[in-house]
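> The following block contains a protein sequence and its predicted model.
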Amino acid sequence: MTATEARIEVHMFPCLKDNYGFLLHDPEAGVTAAVDTPEVEPILRALDEKGWTLTHILNTHHHGDHAGGNLALKRATGCRIFGPRADAARIPGIDVEVGEGDELEFGSHRIEVYDTPGHTRGHIVYYLPDDGMAFVGDTLFAMGCGRLFEGSPGQMWASLQKILAWPDDTLIYCAHEYTQANARFALTVEPGNAALEERARRVAQLRERHVPTVPTTLAAEKATNPFLRPGSRTLREKIGLPDADDVQVFARTRELKDAF
């Protein structure tokens, strides 16, 4: 098996209250990336446990629980910081600005960058097509999506459609453990969705044992995530928008979640 055929190594660990930290590692090239920097000490501890040297930080957006550890980690390791071109001024220590259509070489692996505004104006996601995985920050969650702090429903729906174009078996690494709460909301807007009901049961069992529900797959999200299902007749009728366009349905679903 060649390096490009081998899946990249991913190490996931908890940070802060409900964030996840991610380290990506190509052993042949000896490069290691942290996707976002929610908390410095857990990241340094994970690097030490794995025996890896941090070479890259890949920021998805500017929020403190995603970029707050940039400067300390850069001082400690000398790594380079990559972040969204559209929001570069708010990314601490940024070295390389990236955006829609850019492609990064990470050892023998290819990372595609997509602009996904909505949660923030400059949010980006990182997609590794040859490895079948993506790191989506706060754009998409398991059975949820990010709050619209700086963008419009139309922007966020367009961002989610970019993700929906990836293969169904893509592993989706989202940045927070929100799944159980998201499931509770999803059941209120799409009752009778058998796949959703079964997934909610499985998630409850996992969380009872403190087992992560991340990563998820795009197929699972298409079947159970109300923010990706504006075409669902049940959802449309439940929220009172049977004949609205998809953006209106998405927007109303997000409003209901915000008030849930």
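Ah, there it is.
> for this structure, which spans come out with low pLDDT?
1-6 (pLDDT under 70).
> need the helices for it, in chain order.
Taking DSSP state H, the helices of the chain run over residues 40-50, 64-67, 70-77, 153-164, 179-189, 194-208, 218-224, 233-238, 246-258.
> buried sites along the fifth one?
Going back to what we said before, that points to helix 179-189. 179, 180, 181, 182, 183, 185, 186, 187, 189 (16 or more other C-beta atoms under 10 Å). C-beta coordinates here come from the backbone N, C-alpha and C atoms, glycine included.
> and the helices of the chain as JSON lines, adding distance to residue 23?
What follows is the helices of the chain, written out as JSON lines (distance: least, C-beta to C-beta, whole Å):
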{"stretch": "helix 40-50", "distance to residue 23": "6"}
{"stretch": "helix 64-67", "distance to residue 23": "15"}
{"stretch": "helix 70-77", "distance to residue 23": "11"}
{"stretch": "helix 153-164", "distance to residue 23": "22"}
{"stretch": "helix 179-189", "distance to residue 23": "21"}
{"stretch": "helix 194-208", "distance to residue 23": "22"}
{"stretch": "helix 218-224", "distance to residue 23": "22"}
{"stretch": "helix 233-238", "distance to residue 23": "37"}
{"stretch": "helix 246-258", "distance to residue 23": "30"}
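> Quick one: closest of those helices to residue 137.
For residue 137, the closest of the helices of the chain is helix 64-67, at 6.5 Å, according to C-beta to C-beta.
> what about the closest one, distance to the chain center?
Centre-to-centre, helix 64-67 and its host chain are 13 Å apart (C-alpha atoms, centre = their mean, to the nearest Å).
> same check, this time on stretch 16-36
Computed by C-alpha atoms, centre = their mean, the chain-centroid distance of stretch 16-36 equals 13 Å.
> What of stretch 224-240?
How far stretch 224-240 lies from its chain's middle: 22 Å, per C-alpha atoms, centre = their mean.
> try stretch 212-224
The chain centroid and the centroid of stretch 212-224 are separated by 11 Å, computed with C-alpha atoms, centre = their mean.
> repeat for stretch 191-201
The chain centroid and the centroid of stretch 191-201 are separated by 22 Å, computed with C-alpha atoms, centre = their mean.
> Other residues contacting it?
143, 183, 184, 186, 187, 190, 220, 223, 224, 232, 234, 238 (C-beta atoms under 8 Å, 6 or more residues apart in numbering).
> With distance to residue 252 added, can I get the residues you listed in JSON lines?
Shown next, in JSON lines, are the contacts of stretch 191-201 (distance: C-beta to C-beta, whole Å):
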{"residue": "143", "distance to residue 252": "17"}
{"residue": "183", "distance to residue 252": "19"}
{"residue": "184", "distance to residue 252": "18"}
{"residue": "186", "distance to residue 252": "14"}
{"residue": "187", "distance to residue 252": "17"}
{"residue": "190", "distance to residue 252": "13"}
{"residue": "220", "distance to residue 252": "23"}
{"residue": "223", "distance to residue 252": "21"}
{"residue": "224", "distance to residue 252": "19"}
{"residue": "232", "distance to residue 252": "13"}
{"residue": "234", "distance to residue 252": "14"}
{"residue": "238", "distance to residue 252": "10"}
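> Now for those: which two are most distant?
Greatest spatial distance among the contacts of stretch 191-201 (C-beta to C-beta): 220 and 238, at 20.9 Å.
> So what's the residue count around the closest residue to residue 146 other than its chain neighbours?
Spatially, and ignoring its direct neighbours in sequence, residue 146 is nearest to residue 119 (3.4 Å; C-beta to C-beta, 6 or more residues apart in numbering). Residue 119: 24 surrounding residues under other C-beta atoms under 10 Å.
> now swap in residue 238 and tell me
Residue 238: 18 neighbours (other C-beta under 10 Å).
> Check residue 247 too.
Neighbours of residue 247 using other C-beta under 10 Å come to 16.
> OK, contacts around it?
So residue 247 contacts 153, 154, 157, 230 (C-beta under 8 Å, 6+ apart).
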